[in-house]
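In: Quick one: sequence and predicted model below, then my questions.
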Amino acid sequence: MNAEQKRLQENSQKDVPLELWGPYLSERQWGTIREDYSENGDAWNYFTHDHARSRVYRWGEDGLGGISDYNQRLCFAVALWNGNDPILKERLFGLTNGEGNHGEDVKELYYYLDNVPSHYYMKYLYKYPQAAFPYEELITQNRGRSRQEPEYEILDTQVFKENHYFDVVIEYAKQSSTDIFIKIDITNRGGNSASLTILPTLWFYNHWQFGEDNQKPLLQLEDAGTVHAVNNLLGDYYFYFLDTDEILFTENETNNEKLFNKPNQTDVVKDAFHDAIIGNKNRDMLKKRKTGTKCAPVYTFTIEPGASRTIHLRLSNEKIKDPFSKNFENVFAIRKKEADEFYNEIIPAAVSTESINIYRQAFAGLLWSKQYYHYDVDRWLQTSDGITPPVLSRLLQRNHDWKNLKAKDILLMPDKWEYPWFAAWDLAFHCIPMALIDTAFAKHQLLILMREWYMNPEGQVPAYEWNFGDVNPPVQAFAALRVYEIEKEKTGKGDLQFLKKIFQKLIINFTWWVNRKDSNGNNVFEGGFLGLDNIGVFNRNSKLPGEISLEQTDGTAWMGMYALNMMDIAIEIAVQDDAFEEMALKFYEHFVIISQALNELGLWNESDHFFYDVLSIDGKKPFALQVRSIVGLIPLFAVSVIGKEQMKGLPDFIKRMEWFTNYRMVHNQFLANRQQDGDKNILFSLVGKERLIQLLEWVLDESEFLGPGGVRAVSRYYREHPYQLTIAGENYNIEYDHADSTSGLFGGNSNWRGPVWMPLNYLLIKAIHKYGDFYGDSIRLPFPKGTENILTLHEIADMLRERILNTFQQNNNNARPIHGQYNWFYQQPGNENLLLFYEYFDGDNQRGLGASHQTGWTALINDLIK
């Protein structure tokens, strides 16, 4: 094993397979539900970006390119000042949901360049303008735009024109698990000399204010280059720095006087450095202080064009006589070399240089997305943040029926700025690429949401912070099986103990679905928006007027897929432990009756050859909502192939399955699609061969679903032919929106009405490959539809994958589709290989949209590359 693999092997033996120190600092703690103590639940306006520099957080910390220990007691991040801004750049800036014409959005340029699972090497790039940061311009311009216009981005302003900015590269290299070398490289990319002030900041998260620490921690100056960090729970640490005449100390306490016109509890407060550096207020007093809970050495450089300056720092739990020996730079070289060795063994052979770049940065983003997530719902409801007094109405605040949820873990976030909270189906997808590099942590993440401090007593998995009671697609079983397969492929041995653990929990969740989301008892499932935000003609979470019921193709298809995944897990275990053979049959039977509901109860439209949702109004005859969207393709995802060798070990399952099939044949009952390839393989799927071909013909049609960067979420047909519906005098419609959402549904910051989404494309590609494993060359279709390019299913899946990869790769013009109209910036020297992993992609031109650092599920691209 290489050095990184050895570290991961050691970590895998721990109860929590995690390094003590990592990139666990959020990039936005303000504007979150857990920091919201308002009476009206207005999280964005209760704790704003403008408050963040002056006000203590209750449930976590945030910072720029920072790190913390896994209990987030001690934090480190970088603060900057260009001499022109009204505030220090301590955290990333972005628009709130109400400020953006397409919802919340970060308005900064930053990149996750490298990382390894142990975080022994990490690299982060932030691009900081030399002119005043355009805070007001970004707010004003976006507020003035309609939903039909694109967002106004920071590259639309003038601050990055002519390269008047600094590249700030923050690198971490661990000497040991508790000895962290830090290097900050600042390069002037502009044509004129420019000044920059850097404050490498160390601080304690304020646990003591809320009675969680029985002893207040302390930062204390030991000598001209050492601060001693004392914490009775974390232990002692030493922060070493060089070449500064100035170190400032303050307290991580709220500036009540400034924000609320109330007396401060301490003589110095959280935002003191802003006043000291920018306004020279109390600067001498902060310099004279030798103790506090927040401190920073101060560096001010004037940097010539193209030149760089470097700051060396070290954070260690050891008292070191010479912390900056000649070997300091060598530690970075060694850890970088180890990172290269680790990834070189993982990256598939014969992969292009472009794909290697995608692979490394996708993994870097995935690993940088680990975050300390603390939220005790019961305590949050019943206590105050020290600013707003507790009121009885808060006891019925959002998530009030999730008092069991007591999170205090390191979790993979969808995006640490736009979505700095876990989402159930996002996290399941994150674990798949994570398994390629750190299987132990991937398994831990899947299991943790099944624990009693997340899953509620009824068996529901919490969806996401804004509404834990919402429903995400149940993809945990699929993810668990894929993580298991990846480990088996890597090591030759699957972790059956992991499968058994998660299977038992998933049974509880599956039962919750059957009891709660099948209101008519006919195995046609609901679920509301099911993670697909605005894909419906109307808000599928809302209660429509009158006696109206909606039976959902996707809810039913997800449950068919869930049943099939559970059957596959039970079969995999049963080969070694026959006690699980009966459970395999149980989920096979669930699959059959769900398949019957999907195919026979009106969701399939025979004239269109497509699956639609069905609406019933006031007891009248149900009718289909004839919108061709990804909803109608989800039935394709439910497919399984059982091999001959597995069947040999399942005699009772095979016997009972045959009895069940014969019984249904004799009684003229529906038979789910089950085909056998001689005595080799058995195929199970929600759709038969004929319907598979009919659905794929829609998928492969460029005037419908097939876009240049993958499969669109809604057919392009609706650009010229919007679908319209009137219910109780209210008009509803849906049309093809290839880019940002023109609808305000679910905040308007995501769009499922046309763009390409990575997770569903991933599932579709995986499914088509599996169909190809069974059908081989017996199914051949034109790709795209109407051409003479006739391909097998495997070849079709490969072509879809290539379209997705092309979104990230440089084309013949040295432009990457993801960067869209901003390729002028990414074609400049030094920026050519920078990538962003967006939430979704323009259905027409592949431009990245939505959250810009969603290397959670967009990191699935690495399993496609593999």
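Out: Everything's here; your move.

In: Could you grab the helix/strand/coil label for Ile410?
Out: What DSSP: H, G, I helix; E, B strand; the rest coil gives for Ile410 is strand.

In: can you check Leu696 too?
Out: helix.

In: Identify the residues contacting the residue nearest the centre of the chain.
Out: By Cα atoms, centre = their mean, the mean C-alpha position of the chain lies nearest to Pro414, the distance being 1.6 Å. Listed by Cβ atoms under 8 Å, 6 or more residues apart in numbering, the contact set of Pro414 reads 369, 422-423, 426, 430, 839, 851, 854, 856-857. Placement of C-beta: from N, CA and C, glycine included.

In: 10 Å - rerun?
Out: 369, 420-423, 425-427, 429-430, 464, 839, 851, 853-858 (Cβ atoms under 10 Å, 6 or more residues apart in numbering).

In: Provide the strand pairings for the helix or strand of the chain with the lowest mean pLDDT, with the direction of each partner.
Out: None of the helices or strands of the chain scores lower by mean pLDDT, DSSP states H and E than strand 548-551, at a mean of 74. Sheet partners assigned to strand 548-551 using DSSP bridges are listed as strand 613-617 (antiparallel).

In: who touches the following helix or strand past the strand it pairs with?
Out: Later in the chain than strand 613-617, the nearest helix or strand by DSSP states H and E is strand 623-625. Strand 623-625 is contacted by residues 536-538, 550, 552-553, 602-605, 608, 610-617, 631-632, 723, 725, 732, 734 when judged by Cβ under 10 Å, 6+ apart.

In: Next one: the residue in the chain sticking out farthest from the centre from Asp340, what distance?
Out: Within the chain, the residue lying farthest from the chain centre (Cα atoms, centre = their mean) is Val666, at 48.7 Å. Applying Cβ to Cβ, to the nearest Å, the value for Val666 to Asp340 is 63 Å.

In: follow-up on the earlier one: and the contacts of Pro414, which of them are in helices?
Out: The members of the contacts of Pro414 that map onto helices under DSSP state H are 425-427, 429-430.

In: any idea which of those is closest to Pro474?
Out: Closest to Pro474 out of the ones in helices among the contacts of Pro414 is Trp425 (7.9 Å), distances taken as Cβ to Cβ.

In: Number of residues surrounding the closest residue to that closest one other than its chain neighbours?
Out: Nearest residue to Trp425 in three dimensions, chain neighbours excluded: Asn472, at 3.9 Å (Cβ to Cβ, 6 or more residues apart in numbering). Neighbour count of Asn472, defined by other Cβ atoms under 10 Å: 23.

In: Let me know whether Gln72 touches Glu212 as I believe.
Out: No. Gln72 is not in contact with Glu212 according to Cβ atoms under 10 Å; the separation is 11.2 Å.

In: So which of these two has more stuff around it?
Out: Gln72 (23 against 12).

In: where's the more buried one relative to Tyr24, distance?
Out: 6 Å.

In: what touches both of the two?
Out: With Cβ under 10 Å, 6+ apart as the test, Gln72 and Tyr24 both reach 60-61, 371-373, 410.

In: Just the residues you listed: which are in strands?
Out: 371-373, 410 (DSSP state E).

In: Out of these, flag the one nearest to Ala713.
Out: Closest approach between those and Ala713, by Cβ to Cβ: Gln371, at 27.6 Å.

In: Counting neighbours, which of the ones in helices among the contacts of Pro414 comes out on top?
Out: Counting neighbours by other Cβ under 10 Å, His430 comes out on top of the ones in helices among the contacts of Pro414 with 30 neighbours.

In: Name all residues that make contact with that residue.
Out: His430 makes contacts with 366, 369-370, 411-414, 422-423, 442, 445-446, 479, 854-860, as judged by Cβ under 10 Å, 6+ apart.

In: repeat for Glu222
Out: 228, 238-240, 290, 319 are the contacts of Glu222 under Cβ under 10 Å, 6+ apart.

In: for it, helix, strand, or coil?
Out: Under three-state DSSP, Glu222 comes out as strand.

In: same check, this time on Asn845
Out: Per three-state DSSP, Asn845 ends up coil.

In: State the number of residues packed around it.
Out: Neighbours around Asn845, by other Cβ under 10 Å: 15.

In: Find me the pLDDT at it, would you?
Out: Confidence at Asn845, expressed as pLDDT, is 97.

In: so it touches Asn806, yeah?
Out: No. With contact defined as Cβ under 10 Å, Asn845 does not count as touching Asn806 (11.7 Å).

In: Averaged pLDDT, the next helix-or-strand element following the least confident helix or strand of the chain. What do you get?
Out: Heading C-terminal from strand 548-551, the first helix or strand you meet, by DSSP H and E, is helix 553-574. Across helix 553-574, the average pLDDT comes to 94.

In: Now Gln9: closest residue in space, sequence neighbours ignored.
Out: Using Cβ to Cβ, 6+ apart and skipping the chain neighbours, the partner closest in space to Gln9 is Met1 (6.5 Å).

In: tell me the contacts of that neighbour?
Out: Met1 neighbours (Cβ under 10 Å, 6+ apart): 7-9, 342, 345.

In: returning to what we had before: just put the ones in strands among the shared contacts of Gln72 and Tyr24 in CSV and tack on neighbour count, pLDDT and distance to Tyr152.
Out: As requested, these are exported to CSV (neighbours: other Cβ atoms under 10 Å; pLDDT from 0 to 100; distance: Cβ to Cβ, whole Å):
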residue, neighbour count, pLDDT, distance to Tyr152
Gln371, 26, 98, 28
Tyr372, 26, 98, 32
Tyr373, 22, 98, 31
Ile410, 23, 98, 35
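
In: Now render the residues you listed as TSV, adding distance to Asn206.
Out: Below are these laid out as TSV (distance: Cβ to Cβ, whole Å):
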residue	distance to Asn206
Gln371	18
Tyr372	14
Tyr373	17
Ile410	20
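
In: sorry, back to before: now list the buried members of the contacts of His430.
Out: Neighbour counting with 16 or more other Cβ atoms under 10 Å marks 366, 369-370, 411-414, 422-423, 442, 445-446, 479, 854-860 as buried within the contacts of His430.

In: hmm, back to that, tell me, what's touching Asn845 and Asn806 both at once?
Out: 708-709, 817.

In: re the thing from before, I'd like to know how far the residue farthest from the centre of the chain sits from Gly560.
Out: 24 Å.

In: Same question for Trp208.
Out: For Trp208, the distance to Gly560 - Cβ to Cβ - is 52 Å.

In: So what would you say the end-to-end distance of stretch 594-610 is?
Out: Terminal residues of stretch 594-610 are spaced 17 Å apart (Cα to Cα, to the nearest Å).

In: those helices in the stretch 501-650 of the chain, which residues are they?
Out: 553-574, 581-600, 644-648 (DSSP state H, counting those that start in this stretch).

In: Nearest to Ile358, out of the shared contacts of Asn845 and Asn806: which one, please.
Out: Nearest member of the shared contacts of Asn845 and Asn806 to Ile358, counting by Cβ to Cβ, is Pro817, at 12.7 Å.

In: Extract the residue ranges of this protein that are flagged as low pLDDT.
Out: For the chain, residues meeting the criterion pLDDT under 70 lie at 517-520, 527-531, 533, 538-548, 745-748.

In: Next, give phi and psi for Phe468.
Out: phi -60, psi -30 (degrees, to the nearest 10).
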